[in-house]
Structures are given as C-alpha cells and as structure tokens.
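Engineer: Predicted model, plus sequence, below.
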Amino acid sequence: CTYTDKGTQLIPTDKAKRARVLQRMHEAAANMQQKLVLDLLYYFFQTKEEDRKEEEVAKKVEAAKEELDRWEAYLGETKAFVAGPDFSMADVWFYPFIAFSVRMGLELEKFPNMKAYYDKVTARPSVQKSWPPHWKEEPAKFSPFKGRI
C-alpha cells in the first residue's frame, strides 16, 4: 500500500480481519444482490402488475427478509459496521444495496441494527457527496418494498 497513513484502510492487513471483510464483501455481492435486487425488485420492474402472482411475490419477499435478518444479526454482533468495528470494503459493497432498498420503500424500523448502520453510513461525508441528487429532491415514485418487508 502506497498511502498507508492516508484515510481508512478498507481491506485490513490482519489475516482474520481481512478474511471477514472479504467474506462479507462476497456475501453482499452474491446474496443481497440476488435476493433483494435481482429476484425481488426486478420482478416488480419486469412483470406487469396484472401478471404478478402473489404467491411468487410472497416467496421472494420471504427470501429477502431472511437475508435482511442475517445482516441484521451481523450488525448486532459487530455493533458498528458489517465486518467489524471499522468501515471497510465490505461496507462499500453492502451499503448501496440497503440504500437502494430504502429508496424502494424498505422500512428499517423492523431492523434496528441496520437502521443505526444506515443512518451512520448515510451521514458520512463521502456518501453525502455522492448521494444521487434526485434522491434528495423527491421520494421514489415506485416503492415495491413498502409494506412488504
């Protein structure tokens, strides 16, 4: 690392911490993306309302909720960020899935650890500088998560 004294070390040098960060990165990329975005959100985006099957929606919602419960537990263990006490590359991978899901109507009150995490990461200056302007200006016109999870 060229600039080890600058900023946050996103991938730790300690082997155990590095393993946890890498594991959570890949878990977020595989599971959060699949269950929340590809399976559930895309179903709403790609299926006409009159063609949606409630039993299919219920199955996808349940899988998404199980995944959110898993991450809620992780955040309960760490009491800070998804891979431990420090912001890491795992958070860089995980946070956008939660932010987009909140934008799509996910209510975090049922997930207090995730709510605290979301509020903490959202307040970071880097997140505020990169927040999509239209997210600040208006609520989403389409909220498939609202009232489902």
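Structural biologist: Perfect, thanks for sending it.
Engineer: When you work out contacts or count neighbours from here on, use the C-alpha atoms and nothing else.
Structural biologist: Will do.
Engineer: Let me know whether residue 25 touches residue 89 as I believe.
Structural biologist: Yes - in this structure residue 25 lies within contact range of residue 89 using Cα atoms under 8 Å: 6.9 Å.
Engineer: Residue 97 and residue 13, how far apart?
Structural biologist: According to Cα to Cα, to the nearest Å, residue 97 and residue 13 sit 26 Å apart.
Engineer: quick one: which of these two has more around it?
Structural biologist: residue 97 (17 against 10; other Cα atoms under 10 Å).
Engineer: That one is in what secondary structure piece?
Structural biologist: Per DSSP states H and E, residue 97 falls inside helix 89-103.
Engineer: Skip ahead from that helix and say which helix or strand is next.
Structural biologist: Helix 89-103 is succeeded, C-terminally, by helix 112-122 (DSSP H and E).
Engineer: Give me the buried stretch members for that following helix, please.
Structural biologist: Neighbour counts over helix 112-122 (16 or more other Cα atoms under 10 Å) mark 113, 114, 115, 116, 117, 118, 121 as buried.
Engineer: would CSV of these with pLDDT be doable?
Structural biologist: Output for the buried residues of helix 112-122, formatted as CSV (pLDDT from 0 to 100):
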residue, pLDDT
113, 97
114, 97
115, 97
116, 97
117, 98
118, 97
121, 97
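Engineer: which residues does the residue nearest the centre of the chain contact?
Structural biologist: Nearest to the geometric centre of the chain sits residue 98, at 2.7 Å (Cα atoms, centre = their mean). By Cα atoms under 8 Å, 6 or more residues apart in numbering, the contact set of residue 98 is residue 118.
Engineer: ok, it to residue 141 distance?
Structural biologist: 18 Å.
Engineer: likewise residue 40?
Structural biologist: Residue 40 is 17 Å from residue 141, by Cα to Cα.
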